[in-house]
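Just a sequence and a predicted model for now, questions to come.
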Amino acid sequence: MTTQSNTRGFTSNIGAILAAAGGAVGLGNIWRFPYTLGNNGGGAFLLVYVFFVLLIGIPLMMTEFIIGRRSQKDPIGAYRTLAPKHKGWMLIGIFNILGALLIYAFYSVVAGWTLNYVVLSCGNQLGGCDSATIAQKFAEFTQGSFWPLFYQFLFLVLTAAVVFMGVQKGIEKMSKILMPALFILLILMCVRSLTLGDGVRNGLNFLFKPDFSKIDGHCLLSALGQSFFSLSIGMGAMVTYGSYIRKEDKLFNSSLWIAGCDSLVAILAGVVIFPAVFAFGMSPAAGPELVYIVLPNVFNSMPGGAIFAVVFFLLLTIAALTSTISLLEILVATLVEEFHWKRSVAAVVSSLVVFTVGAFCTLSFGPLKDVQIHGFTIFDLFDRLTASYLMPIGALAMTIFLGWFFPKAEVRDELSNGGTLKVKAFDVYYFILRYVAPIALIIILVSGLIGK
Ligand code: PFF
């Protein structure tokens, strides 16, 4: 394989890092991480989460980048190109595509809520409301039909518009502006939350002080699922973006940066949310609505809160957008490269399919809330199924492919940019790829299933 620069993808290293970080940082960090941590007992979950990011998350992100950049293809084409005589490996790519579709279906529901909050906060409609009223308004909105579907649809249209503009003019350009802005705003929000007085100590204790008795099979599986969800691992997103990374960029360093940004944003989101949860006497285990009910209280309590609310929800929308872009790009890249569809047609058709499936997730808060599968609503089922099972299973299959089937020399060649870089940690990486990651994934998947 040659190591020429590619022109179909990102134009710079920083552009690649910010786009992939944009794909990684999203609702998973600011919405899902706090509520999953809240449901799993706080500090102990954080510890396990960080451990998984370092031990498995970063090496697996590198693995996806290697597969993508080596093959220069979408997730299905990647396995076909790297294993031309063994077509069965393409099943991993197909599995990735289906997983991405399911994630996008439920993710777009929450993205739609966020967009609605931009509109609400622009009209200052939550300003001056007490906690109970905010919770009631949230419930009324999400349990409806027309408006949540409308906002979900609008979000799908926004995403399709950016993906349609392409990798360089759409994805890379947007990420370069929006990611730094999100980061700055989050820091400002932390400052406000940390000066809330009463709840701060309890909130920080909840987030950072581990209670080891909380670590069980369920906690491990949730933390693993969250780390995969947050880093976008196991669904081909980083394979797709990996195929856009320039041949001269360093995959190891880029993965460290992306995972570092992603974890930092998640922890900062925790620092924003938990002091506020305790300050306003709410339960940290409130579930998916945590952010949408707690943060408006924080805004109401601060000077200039109405403006902060608009900007925050706008940026949350943007964080969600850079992630939905990466989800849609998985589908579009596959349709364009495998089936030679036009980019515009691929974006429209994929979005319509996602909307059709996603509507069931939206309606599972209202008209379909009694439709339960194993005690889960459709939305919860999609959320758990993808993060706790599909992503780890996709990742497991990928480690077996790259660690046990694909030649080691080629893995080393890709990671070292054709031998031009010294990759000192290669042996550590390869050991994790071959043994640690697959064994840990199997143990946790099995213990999570048994623990149910
Ligand atoms: N990592 C994204 C987030 O944390 O919001 C969600 C996501 C994007 C998951 C892309 C999976 C994926 F393929």
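Ah, there it is. Numbering: from 1, shown residues only.

Identify the residue of the stretch 301-450 of the chain closest to the ligand, quick one.
Ser323 (4.2 Å; Cβ to the nearest ligand atom). To be clear about C-beta, it is placed using only N, CA and C from the backbone, and glycine gets the same treatment.

pretty sure that residue contacts Asn29?
No. Checked against Cβ atoms under 8 Å, the pair Ser323 and Asn29 is beyond contact range at 9.3 Å.

so where is the stretch 301-450 of the chain shaky, pLDDT-wise?
For the stretch 301-450 of the chain, the stretches flagged by pLDDT under 70 are 448.

Residue numbers of it in contact with the ligand?
Counting by Cβ under 6 Å from any ligand atom, the stretch 301-450 of the chain comes close to the ligand at 323, 326-327.

of the residues you listed, buried ones?
Buried members of these, counted by 16 or more other Cβ atoms under 10 Å: 323, 326-327.

Check whether His255 sits in a helix, strand or coil.
Careful, residue 255 is Ser; it's not His. helix (DSSP: H, G, I helix; E, B strand; the rest coil).

for Leu126, same thing?
Assigned by three-state DSSP, the conformation of Leu126 is coil.

what does the model give it for pLDDT?
Looking at Leu126, its pLDDT reads 87.

If you drop the residues flanking it in sequence, what lies closest to it?
Distance criterion Cβ to Cβ, 6 or more residues apart in numbering; nearest residue to Leu126, sequence neighbours excluded, is Pro296 at 4.4 Å.

Please read off the pLDDT at that neighbour from the model.
pLDDT, read off for Pro296, is 88.

Now name the helix or strand holding it.
helix 290-300 (DSSP states H and E).

Excluding its own residues, what touches that helix? List them.
The contact list for helix 290-300, computed with Cβ atoms under 8 Å, 6 or more residues apart in numbering, reads 30-31, 34-35, 38, 113, 117, 121, 126-129, 131, 134-135, 138, 189, 192-193, 196, 272-273, 276-277, 280, 282, 284, 286, 305-306, 308-309, 312, 316.

by how many degrees do the very next helix or strand once past that helix and helix 290-300 diverge?
Remark: after helix 290-300, the chain's next helix or strand is helix 305-339, criterion DSSP H and E. Interaxial angle, helix 305-339 versus helix 290-300 (axes from the mean of the first three to the mean of the last three Cα atoms, to 10 degrees): 150 degrees.

buried set for helix 305-339?
Those would be 305-306, 308-338, for helix 305-339 by 16+ other Cβ under 10 Å.

Same question for stretch 53-61.
53, 56-61.

Can I get that stretch as CSV, trimmed to CA atoms?
Extracted C-alpha coordinates of stretch 53-61, given in CSV (Å, rounded to 0.1, in the frame of the first residue of the first chain):
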residue,chain,number,x,y,z
VAL,A,53,-11.2,4.7,28.0
LEU,A,54,-7.5,4.3,28.7
LEU,A,55,-7.3,0.5,28.5
ILE,A,56,-9.7,-0.3,25.7
GLY,A,57,-11.1,2.9,24.3
ILE,A,58,-8.0,4.5,23.0
PRO,A,59,-6.5,1.3,21.5
LEU,A,60,-9.8,0.5,19.8
MET,A,61,-10.1,4.0,18.4
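
Looking at this protein, which residue is nearest the ligand?
The ligand sits closest to Gly28 of the chain, with a gap of 2.0 Å, by Cβ to the nearest ligand atom.

I'd like to know how far that residue sits from Tyr49.
Separation of Gly28 from Tyr49 (Cβ to Cβ, to the nearest Å): 12 Å.

Walking through the stretch 101-250 of the chain, point out its helices one by one.
Counting by DSSP state H, counting those that start in this stretch, the stretch 101-250 of the chain has these helices, from start to end: 131-142, 146-165, 173-194, 199-208, 217-231, 237-242.

Contacts for the first one, please.
This means helix 131-142. 113, 116, 120, 125-126, 129, 147-148, 280-282, 289, 292-293, 296-297, 365-366.
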